[in-house]
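1. Dropping a prediction and its sequence here:
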Amino acid sequence: PVFEASLALRRRYWSHDENTILIAQSCLGNCLADLGRHDEALVLKREVYARRVATLGISNERTLVTGMNLASSLLDTKNFDETTHLLRDQLLPVARRSLGADHNLTLGISKNLANALLLNPDSTRDDLLEAETIMQDAVKRRRR
């Protein structure tokens, strides 16, 4: 109730400050996820990610973090294919291009992609090998 009230107040009194509203919406989404209300959290995180992409662009670091939060919620709701698509096809190439392959956020996206591939019950042998390769590369980069 506290986060819901906070979001309502921010929408009412700070409607001109979209960033403040998105932060409150993210907090509410994280709280819902922590409570096991994953479907509700997913709806909020999709909205926040879409607004970040629209306002800041896909290559903004804050947008990439929001995308990782969305991927986490997709995993929580067992949307493995959508998670893999988001991380592999959208977030990881952009993070490598804008932040570099050795940046902590890029490595985090890589780790999340490997986890999504490993957790998917329909993963093929190639998917598992890809996850292993991703993790080996991430560990090598992290040690530098």
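-> In hand now; what should we look at?

2. what sits against the residue most central in space within the chain?
-> What sits nearest the mean C-alpha location of the chain, by C-alpha atoms, centre = their mean, is Met68, with 1.6 Å. Contacts for Met68 (C-beta atoms under 8 Å, 6 or more residues apart in numbering) come out as Leu91, Leu105, Gly108, Ile109, Asn112. Glycine gets a C-beta too; all of them are placed from N, C-alpha and C.

3. Output those as JSON lines; include the columns pLDDT and distance to Ser59.
-> Listed next are the contacts of Met68 as JSON lines, based on pLDDT from 0 to 100; distance: C-beta to C-beta, whole Å:
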{"residue": "Leu91", "pLDDT": "98", "distance to Ser59": "10"}
{"residue": "Leu105", "pLDDT": "96", "distance to Ser59": "11"}
{"residue": "Gly108", "pLDDT": "95", "distance to Ser59": "16"}
{"residue": "Ile109", "pLDDT": "97", "distance to Ser59": "13"}
{"residue": "Asn112", "pLDDT": "96", "distance to Ser59": "18"}
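
4. now, which of those residues lie within helices?
-> Leu105, Gly108, Ile109, Asn112 (DSSP state H).

5. Quick check: the third one vs Ile23, distance?
-> Just to be clear, that refers to Ile109. Here Ile109 is placed at a distance of 21 Å from Ile23 (C-beta to C-beta, to the nearest Å).

6. more crowded one of these two?
-> Ranked by neighbour count (other C-beta atoms under 10 Å), Ile109 and Ile23 place Ile109 first, with 29 against 16.

7. Just send the contacts of Met68 back as JSON lines, with distance to Ala54 too.
-> Formatted as JSON lines, the contacts of Met68 follow (distance: C-beta to C-beta, whole Å):
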{"residue": "Leu91", "distance to Ala54": "16"}
{"residue": "Leu105", "distance to Ala54": "20"}
{"residue": "Gly108", "distance to Ala54": "23"}
{"residue": "Ile109", "distance to Ala54": "20"}
{"residue": "Asn112", "distance to Ala54": "23"}
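
8. Among these, which one lies nearest to Asn19?
-> Taking C-beta to C-beta as the measure, Asn19 sits nearest to Leu105 out of the contacts of Met68, at 18.8 Å.
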